[in-house]
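*Asks:* Generate coordinates for the sequence data below:
(one chain, ligands or ions: 2)
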Amino acid sequence: MVSAAARPYIDASVPVLREHGLDITRTFYRNMFDAHPELKNLFNMGNQASGVQQQSLASAVFAYAANIDNAAALTPVVSRIVHKHASVGITAEHYPIVGRHLLGAIQEVLGDAATPPLIDAWAEAYNELATALIAAEQAMYKQANIAPGQLRTMRVVAVRNESEDIKAFVLQPEDGQAASDFKPGQYVSVSVTFDDGTTQLRQYSLSDAPNPRTLRISVKRERRGDVTPAGLVSNWLHDNAGLGSLLQVTHPFGDFTPDTESSAPIVLLSAGIGITPMISVLNRIAQVSPQRQVVFGHAARNSDYHAHRADVAEAGKTMARLQVSTFYEDGSDCDGVATFAGRMALSRLPRWDHGEANVYLCGPVEFMQEQWRALIDAGVPASRLHREVFGPELLNYLK
Ligand SMILES: Cc1cc2nc3c(=O)[nH]c(=O)nc-3n(C[C@H](O)[C@H](O)[C@H](O)COP(=O)(O)OP(=O)(O)OC[C@H]3O[C@@H](n4cnc5c(N)ncnc54)[C@H](O)[C@@H]3O)c2cc1C
Ligand code: HEM
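*Replies:* Numbers count the residues shown, from 1 in each chain. Ligands and ions are numbered 1, 2, ... in the order given. Prediction:
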């Protein structure tokens with residue numbers, strides 16, 4: 001809890017910081033990367049370039065300050081951050097660097113309005129949040145029995161074209177030991193070093209049930225758009241990772257972990273590459289409780305872009321209460337019974353008991369916004385809705 005002296009300054013400056021938030025975060029990253037170019041290897045420079053990350057780190061600090069008395073609102077935000085931080089190997093030594101440049105950026109952007117007591121108050125709030133994050137991250141490294149940022153060399157032992165733009169890679173630890181255990185829904189970070197010596201990390205959800213020998217990831221090739229460049233790591237993996245290749249992979253982390261071990265009905269809704277964590281969940285349920293009611297909704301552009309169909313068909317052989325609805329946006333190959341034309345529509349999904357089932361969503365932000373609203377309108381309690389975002393979580397976008 002920040003001190004009584006600091007509190008009024010925080011309260012008074014939250015709206016000001018919100019107004020100048022983007023300027024502050026841009027200044028913060030620019031100054032930090034100028035002073036510490038080595039940190040570019042740690043951050044996702046694609047997110048920096050597209051501007052998504054700028055809204056994330058500092059806005060979390062401001063959200064923390066704004067909700068300082070509302071621990072319940074902060075718990076999920078903090079949980080997501082510490083899992084992401086653990087996945088990329090953040091340590092206590094990094095925090096003073098970020099703190100210095102964040103406070104410096106507030107000062108630079110606000111000018112004279114950033115009085116010494118105001119800066120002191122924000123320093124106190126930052127340190128408080130940093131202390132909580134550091135403790136949580138250290139506990140995660142300890143529990144996983146790894147050093148921060150520790151990478152494991154894994155050999156690609158199978159590659160499968162899952163769709164027009166998705167390849168699945170099966171990875172086996174090169175050290176001969178068991179593959180890392182994980183909960184379905186979790187992700188690993190893959191570290192790629194390019195010819196120019198720069199390194200980048202990207203997260204990939206594990207796309208099969210845990211097993212002691214291998215991990216599987218499924219990667220969508222992020223193609224060049226009209227004005228956007230081709231994605232760095234996904235294209236590198238598609239073009240360079242083949243049978244026998246060695247990849248550097250982190251321990252699995254992530255707090256999107258649907259309950260695979262219970263017997264309650266469960267609803268898994270995904271679009272595009274968002275199917276990856278759902279397949280891990282489905283395959284685990286097929287192993288442990290094949291009699292469970294599972295509603296599996298998936299949306300894709302068309303059947304050429306529909307990944308992991310074989311996994312769903314295989315699960316269906318043993319899961320009598322697996323109900324699958326597929327939506328093809330371009331309207332091809334639809335039978336109107338299990339495969340529908342257009343975007344996912346709640347009315348076309350099988351019915352389930354809203355009071356009993358948790359609903360898990362993963363896909364593009366637009367897809368999740370649409371489904372989230374439809375589910376709430378249909379009377380599904382918000383407490384039953386859970387989501388995974390394949391990028392920095394932008395706070396409150398689902399409201
Ligand atoms: C928890 C989590 C789980 C994930 N799971 C999966 C998964 O299972 N499978 C999967 O395929 N992906 C997954 N992702 C996404 C993945 O981590 C990468 O973000 C994705 O592969 C793109 O990375 P990239 O290096 O190819 O693209 P990047 O180089 O990072 O580019 C990303 C986007 O930014 C745009 N961009 C880059 N530079 C600029 C610029 N200068 N101006 C404007 N736009 C720009 C690119 O065009 C591209 O569209 C997951 C992400 C998270 C956070
Ligand atoms: C109080 C301090 C901090 C806060 C509030 C914070 C907040 C965040 C948030 C909100 C995200 C996005 C999580 C998501 O994916 O949704 C994030 C990711 C990240 N943070 Fe932090 N962070 C802090 C400190 C640090 C420090 C000290 C570092 C290291 C220099 C760091 C490096 C990163 C990296 C590398 C990512 C992953 C995003 C990317 O790949 O660019 N953060 N952080």
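*Asks:* neighbouring contacts of the longest strand that the chain contains?
*Replies:* With residue count as the measure and DSSP state E as the assignment, the chain has strand 151-161 as its longest strand. Here strand 151-161 makes contact (CB atoms under 8 Å, 6 or more residues apart in numbering) with 167-175, 180, 191, 214-215, 241-251. No exception for glycine: its C-beta is placed from N, CA and C like everyone else's.
*Asks:* Now the buried members of those.
*Replies:* By neighbour count, with 16 or more other CB atoms under 10 Å, those hold 167-171, 173, 180, 191, 214-215, 241, 247, 249-251 as buried.
*Asks:* for those, which one is nearest residue 281?
*Replies:* Closest to residue 281 out of the buried ones among the contacts of strand 151-161 is residue 215 (15.2 Å), distances taken as CB to CB.
*Asks:* tell me the contacts of the closest one?
*Replies:* With CB under 8 Å, 6+ apart, residue 215 has these contacts: 154, 170-171, 179-180, 182, 188, 206, 208, 249, 252.
*Asks:* Apply 6 Å and report the result again.
*Replies:* Going by CB atoms under 6 Å, 6 or more residues apart in numbering, residue 215 touches 171, 179, 206.
*Asks:* next one: the helix or strand of the chain with the lowest mean pLDDT to chain centre, how far?
*Replies:* Across the helices and strands of the chain, mean confidence by mean pLDDT, DSSP states H and E is lowest for helix 57-66: a mean of 74. With CA atoms, centre = their mean, to the nearest Å as the basis, helix 57-66 stands 19 Å off its chain's centre.
*Asks:* Mind giving me the packing neighbours of that helix?
*Replies:* helix 7-19 (3 or more CB pairs under 6 Å, 6 or more residues apart in numbering; DSSP states H and E).
*Asks:* and for stretch 16-33, what are the contacting residues?
*Replies:* 40, 54, 58, 62, 101-102, 105-106, 108-109.
*Asks:* try it again with 8 Å
*Replies:* Under CB under 8 Å, 6+ apart, the answer for stretch 16-33 is 39-40, 43, 48, 53-55, 57-59, 62, 97-98, 101-102, 104-106, 108-110, 113.
*Asks:* Give me the buried positions along that stretch.
*Replies:* Under 16+ other CB under 10 Å, the buried positions of stretch 16-33 are 16-17, 20-21, 24-29, 31-33.
*Asks:* Single out the residue in the stretch 1-150 of the chain that lies closest to ligand 1.
*Replies:* residue 46 (2.1 Å; CB to the nearest ligand atom).
*Asks:* What count of nearby residues applies to residue 379?
*Replies:* 8 (other CB atoms under 10 Å).
*Asks:* Look up how far ligand 2 lies from it.
*Replies:* 29 Å (CB to the nearest ligand atom, to the nearest Å).
*Asks:* Do you have the helices of the stretch 51-200 of the chain handy? List them.
*Replies:* 57-66, 71-88, 94-110, 116-144 (DSSP state H, counting those that start in this stretch).
*Asks:* quick check, the third one touching ligand 2?
*Replies:* Yes: among the residues of helix 94-110, 94-95, 97-98 lie within reach of ligand 2 under CB under 6 Å from any ligand atom.
*Asks:* Which of the three states applies to whatever residue of the stretch 201-350 of the chain ends up closest to ligand 2?
*Replies:* Going by CB to the nearest ligand atom, ligand 2 is nearest to residue 201 of the stretch 201-350 of the chain, at 6.4 Å. Applying DSSP: H, G, I helix; E, B strand; the rest coil to residue 201 yields a three-state assignment of strand.
*Asks:* List the residues that contact it.
*Replies:* By CB under 8 Å, 6+ apart, the contact list for residue 201 reads 41-42, 44, 87-88, 189-192, 250.
*Asks:* That concludes my questions; thank you for your assistance.
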